[in-house]
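Colleague: Sharing a sequence plus its predicted fold:
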2 protein chains.
Amino acid sequence: MSIKLTILGCHSATPRINAFPTAQYLEINNFHCLIDCGEGTQRQIRKYKVGFSKFSHIFISHLHGDHFFGLIGLISTLGILGRERELHIFGPKGIEEVTRLQLKITQSHAKFPIVFYELASNESEVILDNDKVTVKTIPLDHRIYTNGYLFIEKEKQRNLNIGKIEKYSEITKADYLNLKAGRDFTLNDGTIIKNEVLTKSPKKPLRYAFCSDTAYKPSISKIIQQVDLLYHESTFLEDKSSLAKKTKHSTSKEAATIALKSDAKQLVLGHYSGRYKEIAIFKEEAQKVFKNTALAEPGKIFTVV
Amino acid sequence: MSIKLTILGCHSATPRINAFPTAQYLEINNFHCLIDCGEGTQRQIRKYKVGFSKFSHIFISHLHGDHFFGLIGLISTLGILGRERELHIFGPKGIEEVTRLQLKITQSHAKFPIVFYELASNESEVILDNDKVTVKTIPLDHRIYTNGYLFIEKEKQRNLNIGKIEKYSEITKADYLNLKAGRDFTLNDGTIIKNEVLTKSPKKPLRYAFCSDTAYKPSISKIIQQVDLLYHESTFLEDKSSLAKKTKHSTSKEAATIALKSDAKQLVLGHYSGRYKEIAIFKEEAQKVFKNTALAEPGKIFTVV
């Protein structure tokens, strides 16, 4: 059980030579996915060697170009690479129509099925639940319909406490699955041995929250309480808080306040405006509120184990 | 009068870290335009400093992703940069629908008008004729409807031969415009002085031909006879001529043969397949047929004066 997050791009849309729009590659509990897919994401995937074959899902936060204009190029490349496996794409309403139209006019030869899940709710909802993860939306507050995503590792089975189990000769290996599933054991004499006696709690499932783009929205902290890793956009510093409000983005201080309110373990900042020449100041501002803050940078990897 | 061609991208669609799909920035007789616009073109525009403000026209050869997936990102960036001037986009039927749909779903704030010219003819046609250039299509033979483009400098006015003019006191400065336009001069006694006596021929208008993507199509040499600069795709070498035929691309030798048949002054190769580790061999193969051959490379500039 672990989280490995590779930053592929982490800048805002303002044009700069060394700016890469938002894209992240997430591995959580062996579930591989992409989060957002700005223009050039396929080149970043190659550059940072995260690979084209392992991910099965793409989660798009919103339909501003710097978060999804790289999607169609990536899909085309997957076609060229001969992908056959299904690709699942989550994103706001409209994403299917535009993607399918692009595939049609380019006469794409992509042979793999693409399954779209269009989102429209303003309430947090479970949008994916498989044997590895549960994914919930985090409704955000931006100029266009936007969701963040909360990734939660699937709860593991309990660990056997062999030392205790061996004290009961009646318990055999055939009973282990029931014990791992949390069931009590009843001896032949009718005595019930509580599951907690025979097993140990598994490691707590890890959680990663991706929040971009959004105005300061403190209510999301309820959804992401005690998250292990939190990416929160910080397009501006406090010196431009009125511009942040106007454009529905957050300042570094606001991102840190969300981390604090959420009792997050670590905060990662990103989506830096081109108005700032260096990014170190984003971290400085945030750390006044929330100490364990790091900066997203292309190629940087964040792991939680 | 001059041609300045900046290569922004010149590789085929096969995914590679250092491959940049087709895009060129052309300045011809002070007319600025983009030819094709693969993903990442806006970054290449910044990198090679050709600028976002001077071009007024974009010519898209065909709707394969490696030739136009960068268009919507570029348009969005022009919007962010506050462009107000009209943008004219030429390309195959379908380009307007997909671009407008993308602008709609991204709720783009681009305030400048975009005028689309959708092409569908299989015959060469004049698609633009202004005071600087004439642009003609070069119908190509690819897996999808494709045009190359021929850019022709506008014919200049004739140059005054002042030495000769001064021999005729009846000719005053008021007559110069007529002389430059090629008209003869009639003296008071009725004698006609031929224009060729009073003026010199202007420099021959320069011509640039862009031909990508296409199978070997020798008939295009009629359209591009004696072109000053010819870009012709060479996706493969002769060792993969059957693959070239199958995918409707050209080999380096075929590109050189087109240059030879067209009596071109210089050939530029590009659209190299990722199957070849180095590109020098493309030039070697072509030069056996057509000596004045160069390789397109990102950032390389070709000038004709």
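Modeller: Thanks, I have it.
Colleague: What residues does chain A have near chain B?
Modeller: A:13-17, A:39-40, A:42-43, A:46-47, A:52, A:63-65, A:69-70, A:72-73, A:76-77, A:80-81, A:94-95, A:97-98, A:101-102, A:105-108, A:143-144 (Cβ under 8 Å from any Cβ of the partner chain). Just so you know, the C-beta spots here come from the backbone N, C-alpha and C atoms, and that holds for glycine as well.
Colleague: Among those, which lie within helices?
Modeller: Judged by DSSP state H, the subset of these located in helices is A:42-43, A:46-47, A:65, A:72-73, A:76-77, A:80, A:95, A:97-98, A:101-102, A:105.
Colleague: Pull the most distant pair out of these.
Modeller: A:K47 and A:E97 (30.7 Å; Cβ to Cβ).
Colleague: For A:T146, what are phi and psi?
Modeller: Backbone torsions for A:T146, taken as degrees, to the nearest 10, come to phi -140, psi 140.
Colleague: Could you list the domains of chain A?
Modeller: A:3-156+A:203-304, A:159-200 (automatic domain parsing).
Colleague: Can I get these in TSV including mean neighbour count?
Modeller: Below are these laid out as TSV (neighbours: other Cβ atoms under 10 Å in any protein chain shown):
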stretch	mean neighbour count
domain A:3-156+A:203-304	20
domain A:159-200	13
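Colleague: Using CSV, lay out those together with mean pLDDT.
Modeller: Formatted as CSV, the domains of chain A follow (pLDDT from 0 to 100):
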stretch, mean pLDDT
domain A:3-156+A:203-304, 96
domain A:159-200, 93
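Colleague: List the residues that contact the residue of the stretch 201-305 of chain A found nearest chain B.
Modeller: Distances between the stretch 201-305 of chain A and chain B by Cβ to the nearest Cβ are smallest at A:G274, namely 9.8 Å. If you count contacts by Cβ atoms under 8 Å, 6 or more residues apart in numbering or on different chains, A:G274 has them with A:11-12, A:14-16, A:19.
Colleague: do that again at 10 Å, thanks
Modeller: A:11-16, A:19, A:235, B:80 (Cβ atoms under 10 Å, 6 or more residues apart in numbering or on different chains).
Colleague: quick one: which of those is nearest to A:K283?
Modeller: A:T235 (14.5 Å).
Colleague: Would you agree A:R85 falls within a strand?
Modeller: No. Counting by DSSP: H, G, I helix; E, B strand; the rest coil, A:R85 falls outside a strand, being coil.
Colleague: my guess is it meets A:S53, correct?
Modeller: Yes. The pair A:R85 / A:S53 is scored as a contact, 8.0 Å apart, by Cβ atoms under 10 Å.
Colleague: which residues do those two both contact?
Modeller: A:L78.
Colleague: Look through the stretch 101-250 of chain A and state the residue closest to chain B.
Modeller: For the stretch 101-250 of chain A, Cβ to the nearest Cβ, closest residue to chain B: A:I105, 4.2 Å.
Colleague: How about that residue: what's its closest non-neighbour residue?
Modeller: Nearest residue to A:I105, sequence neighbours excluded (Cβ to Cβ, 6 or more residues apart in numbering or on different chains): B:G94, at 4.2 Å.
Colleague: what's the spacing between that neighbour and A:F20?
Modeller: Note on B:G94: its distance to A:F20, by Cβ to Cβ, to the nearest Å, is 29 Å.
Colleague: How about A:Y208?
Modeller: 20 Å.
Colleague: Grab the nearest non-local neighbour of A:L140.
Modeller: A:T214 (3.7 Å).
Colleague: Kindly provide the distance from that neighbour to A:H11.
Modeller: 16 Å.
Colleague: what's the answer for A:E284, then?
Modeller: Where A:H11 is concerned, A:E284 sits at a distance of 19 Å (Cβ to Cβ).
Colleague: try A:I105
Modeller: A:I105 is 29 Å from A:H11, by Cβ to Cβ.
Colleague: next one: A:L103
Modeller: 28 Å.
Colleague: picking that back up, which one of the ones in helices among the residues of chain A next to chain B sits closest to B:S252?
Modeller: Among these, A:I80 lies closest to B:S252 (Cβ to Cβ), at 21.9 Å.
Colleague: excluding its backbone neighbours, what's nearest A:L128?
Modeller: In space, A:L128 is closest to A:V135, 4.0 Å off (Cβ to Cβ, 6+ apart).
Colleague: and that neighbour, that's in a helix?
Modeller: No. Counting by three-state DSSP, A:V135 falls outside a helix, being strand.
Colleague: Tell me who's in contact with it.
Modeller: By Cβ under 10 Å, 6+ apart, the neighbours of A:V135 are A:28, A:31, A:33, A:57, A:59, A:90, A:125-129, A:149-152.
Colleague: Name whatever forms a beta bridge with it.
Modeller: A:L128, A:F151 (DSSP bridges).
Colleague: can you give me the helices in the stretch 101-250 of chain A?
Modeller: A:162-165, A:176-180, A:195-198, A:220-223, A:241-247 (DSSP state H, counting those that start in this stretch).
Colleague: which element follows the longest one toward the C-terminus?
Modeller: Using DSSP states H and E, the helix or strand that follows helix A:241-247 in sequence is helix A:252-261.
Colleague: Pull the residues that contact stretch A:48-55.
Modeller: Under Cβ under 10 Å, 6+ apart, the answer for stretch A:48-55 is A:4, A:6-8, A:24-27, A:30-34, A:42, A:44-46, A:74, A:77-78, A:80-83, A:85, A:87-88, A:298-301, B:15, B:17.
Colleague: now the closest residue to A:Y272 other than its chain neighbours: how far from A:A296?
Modeller: The shortest distance from A:Y272 to any non-neighbouring residue, by Cβ to Cβ, 6+ apart, is to A:I279 (5.3 Å). Relative to A:A296, A:I279 is positioned 9 Å away (Cβ to Cβ).
Colleague: what residues are shared contacts of these two?
Modeller: Joint contacts of A:I279 and A:A296 (Cβ under 10 Å, 6+ apart) are A:10-11, A:234, A:269-270, A:272.
Colleague: In strands only, show me those residues.
Modeller: Members of the shared contacts of A:I279 and A:A296 lying in strands (criterion: DSSP state E): A:269-270.
Colleague: Kindly indicate which of the shared contacts of A:I279 and A:A296 lies nearest B:A256.
Modeller: Nearest to B:A256, judged by Cβ to Cβ, of these is A:H11 at 42.5 Å.
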